[in-house]
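Colleague: dropping a prediction and its sequence here:
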Amino acid sequence: MIAQYDEYRQAVEQELRGIFAGREGFLYNLLRYHLGWVDQQGIPQPGGGPPLHFQGAVALASCQSLADDFRPALPAAAGVELVHHFTLVHGEVQIGRAETVDRPSIWWVWGPAQAINAGDGLHALGRAAIMRLAQQGTPPDRVLRAVRSLDSACLALCEGQYLDLEFQAQLMVTKAAYLEMVNRKAGALTGCAAESGALAAGAPDSQCDALRHSGVRLGAAWQITRDIRQLWGEQGDGLTASNIISKKKSLPLIHALEHGSIAARRELGAIYMKRVLEPDDARRMVTILDETGSRAAAEAQAQQLLDDALAAASGAGLPPGDMALLNELGQWALTGN
């Protein structure tokens, strides 16, 4: 997290509530439920509300680093957050996850069809949200650029998700292919967030471009770290539902298949050829990855991406003092939260 997390989260939630104001009906109750504002019956829940995700924080930090004020970028942060929620709702359907962090998934309660509908609604609201930049004084040509950036990011993240799902049916996936996937799946939206924050700050095109490139690398580092955490699990034994069910191809596994001994590669291949992975398979898989140094290799790749991201931001002409927030974001990326 970053020091400004609570302030950022509260401001983005207020922006989101403004976006939802006057929108009534069953669809919006589903969306409010997903965001934690109401229960399954549509009854408001005290103390609820969505967390601020990494991507939304990037938009605000990008703006604050350049303009010493995050508020002009609140519509961009809200738009990025809504699009991220769209990916979460659809992702829960794709992998069959019945529970979110603190409540049953939309598809588990109302069915996959309504979950897809809800995800589509979040995507549309995200696009409408970013257009609210005009209300903050962002010039129309810059609002259009931010919308175009969001549309491009949405298409790229769908391409990345396609590749991620496609990899599940393949035994061999190269490191280069994996990095291309995470650049699209996570990097594109984070790059859009950084660019949109810079646009809201009134930064010149060169800084907007540089921060977009920085954001792509930050997002990729964040995704690699999340993949590592999901693979090892909270107890470090690989017993996470996403791995047992989906056979996800993460960078540590790819490293072991590319650099492990013949015996290690054969054993990993035999495990992944099974229709269903058992808990003992997951434990053995993690042991092999530890023996091949695959976690350390993946963590080193995330660190390299972070270094590249900060170098790109520094090359945009940001004074050293303005890099402090981006350095904090980098450390957040390496926690995978």
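Modeller: Good, I have the coordinates.
Colleague: please make it C-alpha for all contacts and neighbour counts, starting now.
Modeller: Fine.
Colleague: between the two ends of stretch 312-324, how far is it?
Modeller: In terms of C-alpha to C-alpha, to the nearest Å, the two terminal residues of stretch 312-324 are separated by 14 Å.
Colleague: show me how far stretch 205-220 is from its chain's centre.
Modeller: 15 Å (C-alpha atoms, centre = their mean, to the nearest Å).
Colleague: same deal with stretch 40-55?
Modeller: With C-alpha atoms, centre = their mean, you get 18 Å for stretch 40-55.
Colleague: who's in contact with that stretch?
Modeller: Outside stretch 40-55, the residues that touch it by C-alpha atoms under 8 Å, 6 or more residues apart in numbering are 5, 8-9, 12-13, 29-30, 33, 35-39, 77, 80-81, 84, 189-190, 193, 219, 332-333, 337.
Colleague: any of those buried? List them.
Modeller: Taking 16 or more other C-alpha atoms under 10 Å as the criterion, what is buried in the contacts of stretch 40-55 is 8-9, 12-13, 29-30, 33, 35-39, 77, 80-81, 84, 189-190, 193, 219, 332-333.
Colleague: how near is the residue most central in space within the chain to residue 179?
Modeller: In the chain, the centroid-proximal residue (C-alpha atoms, centre = their mean) is residue 186; its distance is 5.1 Å. Here the criterion is C-alpha to C-alpha. By it, residue 186 lies 10 Å from residue 179.
Colleague: identify the contacts common to those two.
Modeller: residue 220.
Colleague: wouldn't the residue nearest to the centre of the chain be in contact with residue 219 here?
Modeller: Yes: here residue 186 reaches residue 219: they are 5.1 Å apart, a contact under C-alpha atoms under 8 Å.
Colleague: any low-confidence regions in the chain?
Modeller: Along the chain, segments meeting pLDDT under 70 span 234-246, 319-321, 336.
Colleague: contacting residues for residue 114?
Modeller: 106-107.
Colleague: any figure for the gap between it and residue 227?
Modeller: Relative to residue 227, and taking C-alpha to C-alpha, residue 114 is found at 28 Å.
Colleague: and residue 131, by the same measure?
Modeller: 32 Å.
Colleague: that older thread, now, the contacts of stretch 40-55 that are in strands?
Modeller: Per DSSP state E, strands hold no members of these.
Colleague: and the residue nearest to the centre of the chain, what does it touch?
Modeller: 157, 160, 216, 219-220, 222-223.
Colleague: can you pick the most crowded of these?
Modeller: Within the contacts of residue 186, most neighbours by other C-alpha atoms under 10 Å means residue 219, with 32 neighbours.
Colleague: just give me the neighbour total for the spatially closest residue to that one that is not a sequence neighbour.
Modeller: Excluding its sequence neighbours, the residue lying closest to residue 219 (C-alpha to C-alpha, 6 or more residues apart in numbering) is residue 187, at 4.1 Å. Per other C-alpha under 10 Å, the neighbour tally for residue 187 reads 31.
Colleague: I'd assumed residue 211 was in contact with residue 187.
Modeller: No: contact criterion C-alpha under 8 Å: residue 187 and residue 211 do not qualify, at 12.0 Å.
Colleague: going along the chain, name the strands of this protein.
Modeller: Counting by DSSP E, the chain contains no strands.
Colleague: how long is stretch 260-279 from one end to the other?
Modeller: One end of stretch 260-279 sits 22 Å from the other (C-alpha to C-alpha).
Colleague: what residues of that stretch count as buried?
Modeller: Applying 16+ other C-alpha under 10 Å to stretch 260-279 flags 260, 264-265, 267-268, 271-272, 277 as buried.
Colleague: helices of the stretch 51-200 of the chain, start to end?
Modeller: When assigned using DSSP state H, counting those that start in this stretch, the helices of the stretch 51-200 of the chain occupy the ranges 54-67, 74-95, 106-110, 112-131, 140-167, 175-182, 188-200.
Colleague: compute the inter-axis angle for the fourth one and helix 140-167.
Modeller: Meaning helix 112-131. Angle of helix 112-131 versus helix 140-167, following axes from the mean of the first three to the mean of the last three C-alpha atoms, to 10 degrees, is 150 degrees.
Colleague: then the last one?
Modeller: For helix 188-200 against helix 140-167, the angle between stretch directions is 170 degrees (the same axes, to 10 degrees).
Colleague: what sits up against helix 188-200?
Modeller: Contacts of helix 188-200 (C-alpha under 8 Å, 6+ apart): 55-56, 58-63, 66, 72-73, 76-77, 80, 133, 138, 142-143, 146, 149-150, 152-154, 156-157, 207-209, 211-219.
Colleague: now with 6 Å, please.
Modeller: Applying C-alpha atoms under 6 Å, 6 or more residues apart in numbering, the contact partners of helix 188-200 are 55, 58-60, 62-63, 72-73, 138, 146, 149-150, 153, 208, 211-212, 215-216, 219.
Colleague: swap in the second one?
Modeller: Residues from elsewhere that reach helix 74-95 (C-alpha under 6 Å, 6+ apart): 12, 56, 59, 119, 122-123, 126, 129-130, 132-133.
Colleague: and those residues, which is closest to residue 308?
Modeller: Nearest to residue 308 among the contacts of helix 74-95: residue 59, at 18.4 Å, using C-alpha to C-alpha.
Colleague: mind checking how far the closest one is from residue 45?
Modeller: Relative to residue 45, and taking C-alpha to C-alpha, residue 59 is found at 28 Å.
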